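Participant: Next come a sequence and a model predicted from it.
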Amino acid sequence: MNATWILSANASRARFFSQGNLTEPLEEVNDMVNAASRLRMVEPTESDKRGPMAGTKSMHNTGGALPNKLYEPPTTPDVREAELFARDIASYLLENQRDGRFDKLSVVAAPQFLGMLRKVLDPQVQSTINLEIDKDYTQFNPGQLLDHIETYKAKS
């Protein structure tokens, strides 16, 4: 198939559109929602298990051991959930690209989330990207999204 897919995403929602050629309207293929990003902070999404840098294992003020391989830099739960969501999106894109559902990909994503996506996209999928826009247009209808993309292309 000679289709172009358009991904419109942020940390809580990803919408996938398909367009066969430039004269066709966008057709929504999928709408993924990151339910974990919508949980209130009081709802348990992570445990309070002590890590290798907690209390007595800390290297501060003890002259003791350095962090071991289990150490991970501090990350907030919402950032962690966004990273997991980006991985889900990357897997979905890779699967559909391998199935031949699209040849070109345009990525329109919130700036911080676009950075997360870039880190996890497979090189096969990255090679299909023909346009990146660092804006959050997830709430736009397909016609508005297409208009904004065309305006962006005209400016560049």
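Facilitator: In hand now; what should we look at?
Participant: C-alpha from now on. contacts and neighbour counts both.
Facilitator: Will do.
Participant: Now do stretch 136-152, average pLDDT.
Facilitator: Averaged over stretch 136-152, pLDDT sits at 95.
Participant: Can you give the distance from that stretch to the centre of its chain?
Facilitator: 18 Å (C-alpha atoms, centre = their mean, to the nearest Å).
Participant: Check which helix or strand the residue nearest the centre of the chain maps to.
Facilitator: Central residue of the chain (C-alpha atoms, centre = their mean): A86, 3.2 Å from the mean position. Under the criterion of DSSP states H and E, A86 resides in helix 77-98.
Participant: so how far is that helix from its chain's centroid?
Facilitator: 6 Å.
Participant: for stretch 3-21, same thing?
Facilitator: Using C-alpha atoms, centre = their mean, the offset of stretch 3-21 from its chain centre is 12 Å.
Participant: neighbouring contacts of that stretch?
Facilitator: 2, 25-35, 37-38, 82, 85-86, 89, 101-110, 113-114, 136-138, 142 (C-alpha atoms under 8 Å, 6 or more residues apart in numbering).
Participant: Just the buried ones out of these, please.
Facilitator: The neighbour count (16 or more other C-alpha atoms under 10 Å) marks 26, 28, 33-34, 37, 82, 85-86, 89, 101-110, 113-114, 136-138, 142 as buried among these.
Participant: So which of these sit within helices?
Facilitator: Assignment to helices by DSSP state H places the following of these there: 82, 85-86, 89, 113-114, 142.
Participant: With respect to E132, which of those is nearest?
Facilitator: L114 (8.6 Å; C-alpha to C-alpha).
Participant: and stretch 122-139, how far apart are its ends?
Facilitator: Using C-alpha to C-alpha, to the nearest Å, one end of stretch 122-139 lies 26 Å from the other.
Participant: got the buried residues for it?
Facilitator: Buried, per 16+ other C-alpha under 10 Å, within stretch 122-139: 125-126, 128-129, 132-138.
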